[in-house]
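A.B. asks: the following block contains a protein sequence and its predicted model.
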Amino acid sequence: MGKITKFADWESQKYNRKVEEDSINIKKESDKPENAALIAQLADVVKARKEAIRNKDDYEAQILEIESKLIKLDIERNDLVKKKADLVSARDISATERKEAKTNVKEN
């Protein structure tokens with residue numbers, strides 16, 4: 001037979017494992033240089049757009065302006081996805097730590 005553990009000890013071990021797994025997942029996600037590549041691409045597009053404006057190539061300048069806006073939206077999307085993941089993790093942690101107060105009101 002295995003060693004008997006208290007429920008509180010088991011729960012704290014479970015919580016600690018969850019925190020370690022979350023920190024490893026966050027590190028893996030932060031290692032991806034998605035935004036760095038997009039920012040470098042954005043700089044190239046902005047430079048090409050300025051060159052097109054200087055050469056009086058209106059259509060090409062407008063196309064490059066739209067391309068730069070799309071890249072900025074991709075950067076913002078990546079930031080929002082990361083923020084969403086952080087909030088989901090915070091929600092899960094708070095669900096395990098917090099105890100909601102009981103009321104006398106009965107729910108249907």
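C.D. replies: Cool, the structure landed. Only a predicted model underlies this, so the values are computations on that prediction, with no experimental measurement involved.
A.B. asks: I'd like the next helix or strand past the worst-scoring helix or strand of the chain on mean pLDDT.
C.D. replies: Within the chain, no helix or strand scores below helix 7-31, which has a mean of 64 by mean pLDDT, DSSP states H and E. Sequence order places helix 34-54 as the next helix or strand after helix 7-31, per DSSP states H and E.
A.B. asks: quick one: list the elements packing against that next one.
C.D. replies: Contacts defined by 3 or more Cβ pairs under 8 Å, 6 or more residues apart in numbering; DSSP states H and E place helix 34-54 against helix 58-97. Glycine gets a C-beta too; all of them are placed from N, C-alpha and C.
A.B. asks: neighbours of residue 71, how many?
C.D. replies: 19 (other Cβ atoms under 10 Å).
A.B. asks: any figure for the gap between it and residue 58?
C.D. replies: For residue 71, the distance to residue 58 equals 21 Å [Cβ to Cβ, to the nearest Å].
A.B. asks: same question for residue 96.
C.D. replies: 58 Å.
A.B. asks: quick check, residue 35 in contact with residue 79.
C.D. replies: Yes - distance between residue 35 and residue 79: 7.4 Å, which falls inside the contact criterion (Cβ atoms under 8 Å).
A.B. asks: more crowded one of those two?
C.D. replies: More crowded of residue 35 and residue 79, by other Cβ under 10 Å: residue 35, with 15 against 12.
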